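Asker: Curious how this folds, go ahead:
(one chain, ligands or ions: 1)
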Amino acid sequence: MKKRIGVLLSGRGSNFEALANSVAAGRIPHAEIAIVVSNREGAPGIQRAEARGIKTRVIPSKGLEREVYDRQVAAVLDEHKVDLICLAGYMRLLSPFFVAKYPNRILNIHPSLLPSFPGLESQRQALEYGVKFAGCTVHFVDENLDAGPIILQATVPVLAQDTEASLSEKILKEEHRIYSEAVKIVLEGKYKIAGRRVLLTS
Ligand code: GRF
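Answerer: This next block holds a predicted model:
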C-alpha cells in the first residue's frame, strides 16, 4: 500500500512541487500525494496541484478560531487517509489539538538553520545578522513556531554579493532537495527520536 501524503500550503507551492516531482520520479518510493489543502484562495500552489491532477481543497481560515479551523483541516486529511502531513509554506500556527492528533506525523521546512532565525523573512534576518552560512531545516512540528526535532539541515555560504533574493534562491534549491529526503526517511521509518535528537538509522 502506498503511503499517503497530505500537503498544507498557503502560497507559491514550490516545495509542494518538489515533493510531487520526487514522488513521480521514485525518489520518495511507495508514496502518493493524496490531497493538497490551502487556507488561502488563489494560492498558486493549488493551481500547481490541479495542473498535476492532484486533489485539492481550499479551506479559508479567515476569522476562524485556530482549533475550529484545524478541526476542519483534520477532517479533510482524515477523509483522505493521510499517513504524513507536510507543511510547505503554510502560514499558520497549528493548534495543540492538531499537533496532538498527529504525533510525529507533521513535517515542516523552514528557510534557516534553526534555531536561528525562526518566523518570517528568515533569509533577510540571516543576511542582516551577517552570518557566513545560512541554510534550511526540515523538522517535526510541535505547537511552537519553527520548533520540534530536526530531521535534516543543509547549509549554503553567504557571499559578499548576496542579496535577499539570491540567498533565498540558493536556500530554496536546498529546501527542495532535503524536504524530499526527509519525507523518505520518515515514511520508511529510518529514524529514532531521542529527546530532541532525530537519529537516522539504516
Ligand atoms: C519556503 O521558503 C519554506 O521554507 C517556507 O515558506 C517558503 C514556501 O515556499 N516555510 P513555497 O510555497 O514552497 O514555494
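
Asker: I figured L167 was touching A134, is that so?
Answerer: Yes. Assessed by Cβ atoms under 8 Å, L167 is found in contact with A134 at 6.0 Å. Using the backbone N, CA and C atoms, a C-beta is placed for each residue, glycine as well.

Asker: When those two are compared, which one has more neighbours?
Answerer: Of the pair L167 and A134, A134 is the one with more neighbours under other Cβ atoms under 10 Å, namely 27 against 21.

Asker: Please enumerate the shared neighbours of L167 and A134.
Answerer: Taking Cβ atoms under 8 Å, 6 or more residues apart in numbering as the contact rule, L167 and A134 both touch 123, 126-127, 156, 158.

Asker: Do me a favour and get the backbone dihedrals for K81.
Answerer: Backbone dihedrals for K81, given as degrees, to the nearest 10, come out at phi 50, psi 50.

Asker: typo on my end, it should be L9
Answerer: Dihedral angles for L9 - degrees, to the nearest 10 - are phi -140, psi 170.

Asker: Show me the strands in this structure, by range?
Answerer: 3-9, 31-38, 56-58, 84-87, 106-110, 133-140, 150-157, 191-194, 197-200 (DSSP state E).

Asker: what sits up against stretch 64-79?
Answerer: With Cβ under 8 Å, 6+ apart, stretch 64-79 has contacts from 6, 8, 35, 37, 39, 57, 59, 61, 85, 92-98, 101.

Asker: Please compute how far that stretch lies from its chain's middle.
Answerer: Centre-to-centre, stretch 64-79 and its host chain are 18 Å apart (Cα atoms, centre = their mean, to the nearest Å).

Asker: Give me the buried positions along it.
Answerer: For stretch 64-79, a neighbour-count test (16 or more other Cβ atoms under 10 Å) marks 69-70, 72-74, 76-77 as buried.

Asker: of those residues, closest to I185?
Answerer: Nearest to I185 among the buried residues of stretch 64-79, counting by Cβ to Cβ, is L77 at 21.0 Å.

Asker: how many neighbours does P115 have?
Answerer: Neighbours of P115 (other Cβ under 10 Å): 11.

Asker: quick revisit: just put the strands of the chain in TSV and tack on distance to the ligand and mean pLDDT.
Answerer: Supplementary listing: the strands of the chain in TSV, determined by distance: least, Cβ to the nearest ligand atom, whole Å; pLDDT from 0 to 100:
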stretch	distance to the ligand	mean pLDDT
strand 3-9	6	98
strand 31-38	10	98
strand 56-58	14	98
strand 84-87	7	98
strand 106-110	4	98
strand 133-140	6	98
strand 150-157	12	98
strand 191-194	21	97
strand 197-200	18	98
